[in-house]
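Chemist: just to be clear, the model below is a prediction. Sequence and coordinates:
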Amino acid sequence: MKKVTLKELVAGKIIFAVLVALYYWMWARNDWKDFYPTIQTVVGGFTFWYFVFRAIRVRKYKQEAADEMAEANLHRCDSICLKVCRAALIGIGFACAIGRLVLTTEVIGYCLMGTLILIEVVRTVAFWLMDEKGL
């Protein structure tokens, strides 16, 4: 089995963010179609197996020698993403205050789920760039 890299583990968080957004959609939707139970079953099964295989990869990563430079880059990326997330949440908060009569809680929830996915993508790209350039 190939060596587990920190890039692989960081990129896997995008899938986690998408799964959280899918579960939000399942809970927040207002309509019902006959194929929704199929989607829910597929997403539930994929989530279960994704977490099983991810746990195996994380365990294997912890048994290997740590890449200290990559871990330092990850901490920097997390710091950058915290600032981006803070700005996005402030923007969403002010948008909610301005449009309090127009925006529903469902729309606000979708904005938050979009922010979650955006932050994970930004984190992965920033980490990949920092790791490639050796910063």
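Modeler: Received, thanks.
Chemist: checking Leu103 next. Helix, strand or coil?
Modeler: In three-state terms, and counting by DSSP: H, G, I helix; E, B strand; the rest coil, Leu103 is coil.
Chemist: number of residues surrounding the nearest residue to it once chain neighbours are set aside?
Modeler: Take Leu103 and drop its neighbours on the chain: the residue closest to it by CB to CB, 6 or more residues apart in numbering is Cys96, 5.7 Å away. No exception for glycine: its C-beta is placed from N, CA and C like everyone else's. Using other CB atoms under 10 Å, Cys96 is surrounded by 15 other residues.
Chemist: tell me the first helix or strand C-terminal of the helix or strand hosting Cys96.
Modeler: In this structure, Cys96 sits in helix 68-98 according to DSSP states H and E. The helix or strand immediately downstream of helix 68-98 is helix 105-133, counting by DSSP H and E.
Chemist: what comes up buried for that next one?
Modeler: For helix 105-133, a neighbour-count test (16 or more other CB atoms under 10 Å) marks 111, 113, 115-116, 119-120, 122-124, 126-127, 130-131 as buried.
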